[in-house]
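Asker: Requesting a structural model of the entry that follows:
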Amino acid sequence: MGELILCQHAIAANPYYIDALSLNIYSLEELSYYIYHNVDLMEEEFFGEDLIRWIREEVKDEPLATELSKLREEQAPLQLMTSRVLTSNAYLTQVEIKDTVSAVSEYSGLSKSARRKKRADALMQKGRLTDAIYAYEDLLLDEQTPRMLKGDICHNIGSAYAKLFFFHEAALYFESAYQKNNRTTSMMSMFYALWCDGDEKGFEEKAKEYHLPQGNIESVKKIYSAAIHSDDVNNFSESLSNLKQNEKDSVTFEKALNSIVSDWKRDYNRLCRV
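Answerer: Here you go, the predicted model:
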């Protein structure tokens with residue numbers, strides 16, 4: 001999990017698989033670590049029969065499994081079951097446990113749609129863009145999701161597509177977002193996406209349709225120009241030129257360039273992973 005965790009309880013021979021993050025855990029301490037860092041992914045279904053069976057059979061904590069099973073039958077609040085797991089081991093401090101339980105309580109008090117959106121937001125923040133898009137789109141299909149919230153969801157889908165360089169798709173979702181939430185941010189994001197996509201005709205048509213002031217049009221173009229001529233871009237171009245000059249051997253230069261491209265591909269594939 002990226003850090004050393006001292007486990008005072010039994011280490012499971014067979015891990016418990018957490019589908020939300022494609023993660024295997026082997027101890028109650030690791031379970032506490034997961035809950036502490038992923039409050040936004042917690043829901044009542046998390047403490048299901050499979051997890052309780054794993055605690056009983058693999059971790060060998062019969063009292064905890066029995067208590068969780070009883071709480072589940074009584075449909076106890078999510079924060080109560082969370083507290084019982086976190087206090088079953090010494091991974092978190094009392095303050096951390098209190099803060100985590102409080103966060104779970106606050107989270108569970110949100111509407112179902114708001115909770116699902118926060119989970120999708122968390123996927124976005126973790127860089128799991130494709131997963132986030134799927135989660136957002138499921139919310140859009142839910143008739144109980146408020147129209148304003150659907151607009152914000154569309155905006156976030158547009159942002160995810162923009163990060164993946166699908167600017168055409170991003171523009172469509174930003175426009176849909178504006179039609180639902182009437183936020184200027186969503187409308188302007190649509191124009192940025194269109195310009196980044198190189199769709200000048202579409203940009204001009206939408207500018208007329210939405211009566212975009214000339215000042216805003218120039219602002220979009222100016223900000224785009226500043227981005228492609230930023231210090232980061234210029235420094236990269238300069239570094240690439242220096243590399244080409246220093247590596248007189250074309251084969252060596254090609255290997256170095258391929259290494260850079262491979263890094264880009266790896267980062268992009270990470271963003272696209274499901």
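Asker: Could you list the buried residues of the helix or strand in which Lys98 is found?
Answerer: Lys98 belongs to helix 94-108 when elements are defined using DSSP states H and E. Counting neighbours by 16 or more other Cβ atoms under 10 Å, one finds that the buried residues in helix 94-108 are Ile97, Thr100, Val101, Ala103, Val104, Ser105, Tyr107, Ser108. To be clear about C-beta, it is placed using only N, CA and C from the backbone, and glycine gets the same treatment.
Asker: Can you tell me what sits against stretch 217-225?
Answerer: Stretch 217-225 is contacted by residues Met188, Phe191, Tyr192, Trp195, Cys196, Phe203, Ala207 when judged by Cβ atoms under 8 Å, 6 or more residues apart in numbering.
Asker: Stretch 78-89 now?
Answerer: With Cβ under 8 Å, 6+ apart as the contact definition, stretch 78-89 has outside contacts at 7-9, 27-29, 31-32, 35-36, 42-44, 46-47, 61, 64, 67-68, 71-72, 92, 97, 100-102, 104-105, 108.
Asker: and that stretch, which residues are buried?
Answerer: With the criterion 16+ other Cβ under 10 Å, stretch 78-89 contains buried residues Leu78, Gln79, Met81, Thr82, Ser83, Arg84, Val85, Leu86, Ser88, Asn89.
Asker: Quick check: nearest residue in space to Thr145, chain neighbours excluded?
Answerer: Setting aside the residues directly before and after it, Thr145 is nearest to Ser113 in space (Cβ to Cβ, 6 or more residues apart in numbering), at 4.6 Å.
Asker: give me the number of residues near the one you found?
Answerer: One way to gauge burial is a neighbour count; for Ser113, by other Cβ atoms under 10 Å, it gives 16.
Asker: Downstream of the stretch of helix or strand it belongs to, the next helix or strand is which one?
Answerer: Remark: Ser113 resides in helix 112-125, with elements defined by DSSP H and E. Elements were assigned by DSSP H and E; along the chain past helix 112-125, the next helix or strand is helix 129-141.
Asker: residues in contact with the next helix or strand after that following helix?
Answerer: Past helix 129-141, further along toward the C-terminus, the next helix or strand under DSSP H and E is helix 147-163. Among residues not part of helix 147-163, those counted as contacts by Cβ under 8 Å, 6+ apart are 113-114, 117, 120-121, 124, 129-130, 132-133, 136-137, 139-140, 145, 167, 169-174, 176-183, 185-186, 189-190, 193, 196, 271.
Asker: Pull out the buried members of these.
Answerer: In those, burial by neighbour count holds for 113, 117, 120-121, 124, 129, 132-133, 136, 139, 145, 167, 169-174, 176-178, 180-181, 183, 186, 189-190, 193, 196, counting by 16+ other Cβ under 10 Å.
Asker: quick one: Asn24 is in a strand?
Answerer: Yes. Going by DSSP: H, G, I helix; E, B strand; the rest coil, the assignment for Asn24 places it inside a strand.
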